[in-house]
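>>> sequence first, then the predicted structure, then my questions.
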Amino acid sequence: MAMQPTGDRLYTPQFLLLCLSHVLFAGSFNMIIPELPAYLASLGGEDYKGLIIALFTLTAGLSRPFSGKLTDTVGRVPVMIFGALVCVCCSLLYPLLTSVAGFLLLRLFHGFSTGFKPTASSAYVADIAPVYRRGEAMGILGVSMNIGASLFPPVGSWLAGAFSLNGMFFASSGLALVSILILLGLKETLEARQRFSARALQVSRGDVIEPKALAPSVVIALSYVSFGTLLTIVPDQCAHLGMANKGLFFTSFTAFSVLSRLVAGRASDRYGRVPVLKVALLLSAVSLAMMGNADTPATLLAASGALGFSTGIVGPAAFAWVIDRSPGANRGRALATAYIALEIGIGMGALFSAWAYDNNAANFPVAFYLTALMSLLGFAYVQLARLAG
């Protein structure tokens, strides 16, 4: 059983160090994303842009049952360290694997990073956060992820332009390494730990899905289709509209996501998870329609900010809902279920948007309208779930 939080303090040294580690971890794999479509095209893989994100999320999703089980048995900290270590290794290998096949294989392996670290990090936060501040705690953890995703993509683009792509990859590896050094100073929160063995990697059907986490997981999957769309086709949309630094789009998106997360977690603690989710999903659909109609860099940045704001509301509310519904002994499995749904959503968005876009700028509206439809389906699901009691 996980260690129970004492008192009402949230912003403890443990929590703040974990958040700092999360900033650097997110910065590591996000700083290279804006440059990857052009990099893959330079290798002759222009037709495979949809796989840049899809392969990453595929491995992340497939690894969730393992990371969930290991988080509940071996411990939160070792699983977090493994996830960050994958980022260290993969970023060092990008300059060496310069074929299309090698690049795609590496993207597949790189997905283990987000398959492991966020699952264990969320369980760690749930262990140390006061029960009535869970929404706020998940919101701040999300803020940490978004700060990394906001600050470092422009840095990655700058490094690639001022120095080289290899310099960008090496900087990415360095950020992940510092993230690990911070994790080494954290106290483990899982009390009944087991030694790692091959048996710990044996996953049964019951280890894959936590039934009590399914309802919020459906909402997570439908809402995160938008993120897969952004990661896949927005770099090309930025280039089409003449935005020189593609990372600025992600800065706008994540800056507004951070802003909303600062208040959204508390709002879901006070008003309930479902009402907050309904508002966010409607705002997401409107924002995606705006992105489909963007015809200047300024309108694209405004739409991305609106979408970032809505996404920042969905995350804390949905993941707090997962924790609310799940027993503490299966917390890692419940969060793994939610993250599997997240990866499914991102992967679907990546594949469907690449198919709808088809490397033709005239198809941007169609891709975003289809994505907006997924957010509306999420709203309908939440409404029906509420009516069903």
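Yep, that arrived.
>>> which SS class is the closest residue to residue 356 other than its chain neighbours?
In space, and not counting its chain neighbours, residue 356 is closest to residue 367: 4.1 Å by CB to CB, 6 or more residues apart in numbering. C-beta: built from backbone N, CA, C; applies to glycine. Classification of residue 367 by DSSP: H, G, I helix; E, B strand; the rest coil places it in helix.
>>> start the count at 265 instead of 1 going forward.
In the new count, where the first residue is 265, that last one comes out as residue 631.
>>> pretty sure residue 631 is touching residue 490, no?
No: at 10.8 Å, residue 631 does not count as touching residue 490 under the criterion of CB atoms under 8 Å.
>>> what's the pLDDT at residue 320?
Residue 320 carries a pLDDT value of 84.
>>> where does it land in three-state SS?
Secondary structure, three-state DSSP: residue 320 is helix.
>>> can you report how many residues neighbour it?
30 (other CB atoms under 10 Å).
>>> roughly how far apart are it and residue 450?
From residue 320 over to residue 450 the distance is 26 Å, taken as CB to CB, to the nearest Å.
>>> again, but for residue 395
With CB to CB as the criterion, residue 395 and residue 450 are 21 Å apart.
>>> neighbour count for the two, which is higher?
Applying other CB under 10 Å to residue 395 and residue 450 shows that residue 450 carries more neighbours, namely 19 against 13.
>>> tell me the SS of that one?
Residue 450 - assigned by three-state DSSP - is coil.
>>> spatially nearest residue to it, not counting backbone neighbours?
Nearest to residue 450 is residue 341, by CB to CB, 6+ apart, at 5.5 Å.
>>> who are the packing partners of whichever strand or helix holds the one you found?
Following DSSP states H and E, one finds residue 341 within helix 340-357. Judged by 3 or more CB pairs under 8 Å, 6 or more residues apart in numbering; DSSP states H and E, the packing partners of helix 340-357 are helix 277-294, helix 313-337, helix 364-374, helix 376-392, helix 429-447.
>>> which elements pack onto the last one?
Translated: helix 429-447. helix 277-294, helix 340-357, helix 398-426.
>>> check the fourth one too.
Under the contact definition 3+ CB pairs under 8 Å, 6+ apart, helix 376-392 sits against helix 277-294, helix 313-337, helix 340-357, helix 398-426, helix 595-621.
>>> about what we covered before: distance check, the residue nearest to residue 620 against residue 625.
On the measure of CB to CB, residue 631 and residue 625 end up 11 Å apart.
>>> give me the more crowded residue out of these two.
With neighbours defined as other CB under 10 Å, residue 631 and residue 625 compare such that residue 631 has more, 25 against 13.
>>> okay, the more buried one: pLDDT?
91.
>>> for it, what are its contacts?
493, 497, 556, 616-617, 620-621 (CB atoms under 8 Å, 6 or more residues apart in numbering).
>>> tally of neighbours for residue 456?
Number of residues near residue 456 (other CB under 10 Å) recorded here: 10.
>>> helix/strand/coil for it?
coil.
>>> how near is it to residue 337?
Where residue 337 is concerned, residue 456 sits at a distance of 9 Å (CB to CB).
>>> with residue 427 instead?
43 Å.
>>> residue 315 too?
Taking CB to CB, one finds residue 315 at 33 Å from residue 337.
>>> point out where the stretch 465-614 of the chain drops to low pLDDT.
465-472, 529, 591-593 (pLDDT under 70).
>>> which residues of it fall in helices?
Secondary structure of the stretch 465-614 of the chain by DSSP state H, counting those that start in this stretch: the helices cover 469-472, 478-487, 489-504, 511-535, 537-556, 561-589, 595-621.
>>> what angle do the fifth one and helix 478-487 make?
Looking back up the chat, that one is helix 537-556. 10 degrees (axes from the mean of the first three to the mean of the last three CA atoms, to 10 degrees).
>>> quick one, helix 537-556 and helix 489-504 angle?
20 degrees.
>>> who are the packing partners of helix 537-556?
Counting contacts by 3+ CB pairs under 8 Å, 6+ apart, helix 537-556 packs against helix 478-487, helix 489-504, helix 511-535, helix 561-589, helix 628-651.
>>> those: which one's closest to residue 371?
Comparing these against residue 371 with CB to CB, the closest turns out to be helix 489-504 (11.7 Å).
>>> distance from that closest one to the middle of the chain?
From the chain centre to the centre of helix 489-504 is a distance of 15 Å (CA atoms, centre = their mean, to the nearest Å).
>>> from the contact counts, what lies against it?
Packed next to helix 489-504, using 3+ CB pairs under 8 Å, 6+ apart, are helix 300-306, helix 313-337, helix 511-535, helix 537-556, helix 561-589, helix 595-621, helix 628-651.
>>> distance to residue 420 for the ones you listed - can I get that in a markdown table?
Shown next, in a markdown table, are the helices and strands packed on helix 489-504 (distance: least, CB to CB, whole Å):
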| stretch | distance to residue 420 |
| --- | --- |
| helix 300-306 | 10 |
| helix 313-337 | 14 |
| helix 511-535 | 6 |
| helix 537-556 | 22 |
| helix 561-589 | 17 |
| helix 595-621 | 19 |
| helix 628-651 | 24 |
